[in-house]
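Q: next comes the sequence, and after it the predicted model I'd like to discuss.
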Amino acid sequence: MQSKALKAPLTDEEYEKLDALLGAPGHGGRAMDVSTLEGFLTAVVIGPTRLTPEQWLPRVWDKQEGTTGPSGTAEDIALAQTLVMRHYHHMADWLAKDPGSFEPIFECGPEWGITQWCVGFLKGMQMDSAAWAPLLESQPDWFAPFERLGASEAASMGDDETERWMARVTPSVIQINGHYAEQHQPKRSAARDAPKVGRNDPCPCGSGKKYKKCCATVS
């Protein structure tokens, strides 16, 4: 079980620090920024496949290829990874326990870009595009906000159109999360539980003895 500290949301100062660490010159623009990261993690935690950090973390440092690792001092790399993992565990916990209250970071201020967030979500889907494909085909409207706002043409949208699509992002996340959460629920056995046997009932083994004098005594 993860500790509360591991799942604690980042503070405003920690978001800013993480954004600076990811945007450090040594990364050469390859690493995700915080907005892209959160969109990416949202898709990772609500999606059809249970991905491990070993699978998705390389994309944080190298969003295109996932082949170049983090850059910087050992202290800076360790801090960046700690903050990334805390945000991941917080997102997973939040969307599992209270998805109706979900609020993407771009709603917290214009410094966190909606386009980057949606690009991140689409990149999260690309981690296992085949598994996402059936829902994408059956419910295209759920994915339309990410596709429209994450496209290069999004910059040319008017404010009203942008706001209309932005308003659809959170409901889409909640719908997708609900679909896959139900899919991930453990299946109940089709077999019915065996009827309970009273201690004075005939033993179900067919011995003719009372249950308390027969199989009930077997440890």
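A: Great, that's in hand. Residues are numbered from 1 along each chain as shown.
Q: and the residue nearest the centre of the chain, how far from Val60?
A: Centroid check for the chain by CA atoms, centre = their mean gives Val45 as the closest residue, at 1.2 Å. Per CB to CB, to the nearest Å, Val45 is found 14 Å from Val60. Just so you know, the C-beta spots here come from the backbone N, C-alpha and C atoms, and that holds for glycine as well.
Q: how far does the helix-or-strand element of the chain with minimal mean pLDDT sit from its chain's centre?
A: Least confident element among the helices and strands of the chain, by mean pLDDT, DSSP states H and E: helix 159-184 (a mean of 94). Centroid separation for helix 159-184 versus its chain: 13 Å, with CA atoms, centre = their mean, to the nearest Å.
Q: buried set for it?
A: For helix 159-184, a neighbour-count test (16 or more other CB atoms under 10 Å) marks 162, 165-166, 168-170, 172-174, 176-177, 179-180 as buried.
Q: mind listing the helices for this protein?
A: 12-22, 34-46, 53-61, 74-97, 114-126, 129-138, 140-149, 159-184 (DSSP state H).
Q: now do the second one against helix 140-149, angle only.
A: So that's helix 34-46. Put simply, helix 34-46 runs at 160 degrees to helix 140-149, going by axes from the mean of the first three to the mean of the last three CA atoms, to 10 degrees.
Q: equivalent analysis for the fifth one, please.
A: Here the directions of helix 114-126 and helix 140-149 differ by 130 degrees (the same axes, to 10 degrees).
Q: cool, the third one as well?
A: Regarding helix 53-61 and helix 140-149, their directions subtend 30 degrees when assessed with the same axes, to 10 degrees.
Q: same thing with the fourth one?
A: The directions of helix 74-97 and helix 140-149 differ by 150 degrees, with the same axes, to 10 degrees as the criterion.
Q: and the angle from helix 74-97 to helix 12-22?
A: Using the same axes, to 10 degrees: helix 74-97 against helix 12-22 is 120 degrees.
Q: how about the last one?
A: In this structure, helix 159-184 runs at an angle of 90 degrees to helix 12-22, with the same axes, to 10 degrees as the basis.
Q: by contact count, what packs against helix 159-184?
A: Here helix 159-184 touches helix 34-46, helix 74-97, helix 114-126, helix 129-138, helix 140-149, going by 3 or more CB pairs under 8 Å, 6 or more residues apart in numbering; DSSP states H and E.
Q: could you dump the fourth one to PDB, C-alpha only?
A: To tie it back to what came earlier, the one meant is helix 129-138. What follows is helix 129-138, C-alpha atoms only, in PDB (Å, rounded to 0.1, in the frame of the first residue of the first chain):
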ATOM      1  CA  SER A 129      -3.200   2.200 -29.100                       C
ATOM      2  CA  ALA A 130      -4.500  -1.300 -30.000                       C
ATOM      3  CA  ALA A 131      -6.200  -1.600 -26.600                       C
ATOM      4  CA  TRP A 132      -7.700   1.800 -26.900                       C
ATOM      5  CA  ALA A 133      -9.000   1.300 -30.500                       C
ATOM      6  CA  PRO A 134     -12.400  -0.500 -29.700                       C
ATOM      7  CA  LEU A 135     -13.500   2.400 -27.400                       C
ATOM      8  CA  LEU A 136     -12.200   5.000 -29.800                       C
ATOM      9  CA  GLU A 137     -14.300   3.400 -32.600                       C
ATOM     10  CA  SER A 138     -17.400   3.000 -30.500                       C
END
